[in-house]
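Undergrad: next one to model:
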Amino acid sequence: MDALSELVDWLAPRGRMDLRCLFGQDWAAPHEAIGPWRAPFHILLRGRCELWLPASNTLLPLEEGSLVILPHGQAHVLRTAGLASEPQEDMRPIRLRKGELVDLKTNLPRPAKADTDILCGEFEFPGRRRSTLLEALPDPLVIPFGQRPEYGWLQGLVRLMAHEIEQQNAGAQAIVAQLSGTLFTLAVRACLDTRPELSGVLGLMASPRLAGALKAMLDAPQHDWTVASLAERCHLSRATFAREFARRTGTGPLELLTSLRMELASRLLAHGGQDTASVGEAVGYRSEAAFNRAFARHAGLTPGRFRRAAAAG
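TA: Okay, the predicted model is just below:
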């Protein structure tokens, strides 16, 4: 399995589409913080708008044909392009209408006349403590698929989702849910294709010189890897490998290996079926006590408590 597929499988994202927004003239739609382990997304099908992030006072323009994901669920506002920082008193109120497949938000008496059409949903990552993939994603992640011919495959997926929501034929709800989950992986792939400055595990995937080290860690996390043996996998000297790895990821090879091991251990513990000693052995720890200490440092609680919390959740 390739590195991206492996890490997405560990993360186990679930996607759902629950809202369509049809707006005309001036509008502002605030969204409260919902993280961690929940990531809202928005697909701008028609029109132009802005994404405002209050925490960082960041304003990003969005063009028609854009996908926005907020990997850590931070608070944000979607609003009319060029709107003043404070909502105008004379703006039409936004009303919520319940729908069979998705709900509708609109500020128009006739939504069909809307200038702006947005699909909104959410990714959920159940039973997690940390994820090297989520930590490496830009926040927010913006994919302008409408302006990039090479994103035709992503545009095709979005069109199919919009069609199913519009037509509401038999099976539409199941189809939209399945496609929403696929959307996350396609967005990360698009990010890999266009963001050479990526860091963390995405920086390793994007680097032909270092990708082999990540693949080795994922294929055999239980192996007794050293910096020298990982450098050999990449056909680099130990010094060059360590320097390039730190530049790309901001951490050392063995530190990242520990993070990956603990992430896999979290998945195995949450799924059940193996005792703590077996999970520790699967991720490279011959001593159960050593595994317990390493996991507690990583997750903030012991493997047993993590398993019970995951089962309760």
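
Undergrad: ok, residue 270 - contacts?
TA: 127, 306-307, 310-311 (CB atoms under 8 Å, 6 or more residues apart in numbering). Just so you know, the C-beta spots here come from the backbone N, C-alpha and C atoms, and that holds for glycine as well.

Undergrad: kindly apply the preceding question to residue 253 instead.
TA: So residue 253 contacts 213, 225, 227, 230, 241-242, 245 (CB under 8 Å, 6+ apart).

Undergrad: same thing but 6 Å
TA: By CB atoms under 6 Å, 6 or more residues apart in numbering, the residues touching residue 253 are 227, 230, 245.

Undergrad: circling back to that earlier point, Serialize the contacts of residue 270 to CSV and add fields for neighbour count.
TA: Output for those, formatted as CSV (neighbours: other CB atoms under 10 Å):
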residue, neighbour count
127, 16
306, 22
307, 21
310, 18
311, 11
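
Undergrad: how near is the residue most central in space within the chain to residue 230?
TA: Centroid-nearest residue in the chain: residue 71, 4.7 Å away (criterion: CA atoms, centre = their mean). As judged by CB to CB, to the nearest Å, residue 71 and residue 230 stand 27 Å apart.

Undergrad: hmm, residue 306 is touching residue 267, no?
TA: No. With contacts counted by CB atoms under 6 Å, residue 306 stays clear of residue 267, the gap being 10.8 Å.

Undergrad: next, the distance between the ends of stretch 210-224.
TA: Using CA to CA, to the nearest Å, one end of stretch 210-224 lies 19 Å from the other.

Undergrad: so how far is it off the chain centroid?
TA: A distance of 22 Å separates the centroid of the chain from that of stretch 210-224, by CA atoms, centre = their mean, to the nearest Å.

Undergrad: buried ones in that stretch?
TA: 210-218, 221 (16 or more other CB atoms under 10 Å).

Undergrad: same check, this time on stretch 51-62
TA: By 16+ other CB under 10 Å, the buried positions in stretch 51-62 come out as 51-53, 62.

Undergrad: helices of the protein, start to end?
TA: 3-11, 132-136, 152-167, 172-194, 200-205, 211-219, 227-233, 238-249, 253-271, 276-282, 288-299, 303-312 (DSSP state H).

Undergrad: okay, now the unreliable bits of this structure?
TA: 84-90, 127-129, 196, 313 (pLDDT under 70).

Undergrad: re the thing from before, just send the contacts of residue 270 back as a markdown table, with distance to residue 157 too.
TA: Conversion of the contacts of residue 270 to a markdown table gives the following (distance: CB to CB, whole Å):
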| residue | distance to residue 157 |
| --- | --- |
| 127 | 27 |
| 306 | 35 |
| 307 | 36 |
| 310 | 31 |
| 311 | 34 |
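
Undergrad: closest to residue 91 among these?
TA: residue 127 (40.9 Å; CB to CB).

Undergrad: ok, the nearest residue to residue 116 once chain neighbours are set aside - how many residues close by?
TA: Among residues not flanking residue 116 along the chain, residue 47 sits closest, at 3.5 Å (CB to CB, 6 or more residues apart in numbering). Neighbourhood size, residue 47 [other CB atoms under 10 Å]: 18.

Undergrad: which two of the buried residues of stretch 51-62 have the greatest separation?
TA: The widest separation within the buried residues of stretch 51-62 (CB to CB) is 12.5 Å, between 53 and 62.

Undergrad: residues in contact with stretch 272-286?
TA: For stretch 272-286, using CB under 6 Å, 6+ apart, the contacting residues are 221-222, 261, 264-265, 268-269, 288, 291, 303.

Undergrad: quick check: residue 260 touching residue 216?
TA: No. When contacts are counted by CB under 6 Å, residue 260 is not listed as touching residue 216 (10.7 Å).

Undergrad: contact partners for the closest residue to residue 230 other than its chain neighbours?
TA: Of all residues not flanking residue 230 in the chain, residue 213 sits nearest, at 4.5 Å (CB to CB, 6+ apart). In this structure, residue 213 makes contact with 230, 233-234, judged by CB under 6 Å, 6+ apart.

Undergrad: no further queries at this time; thank you.
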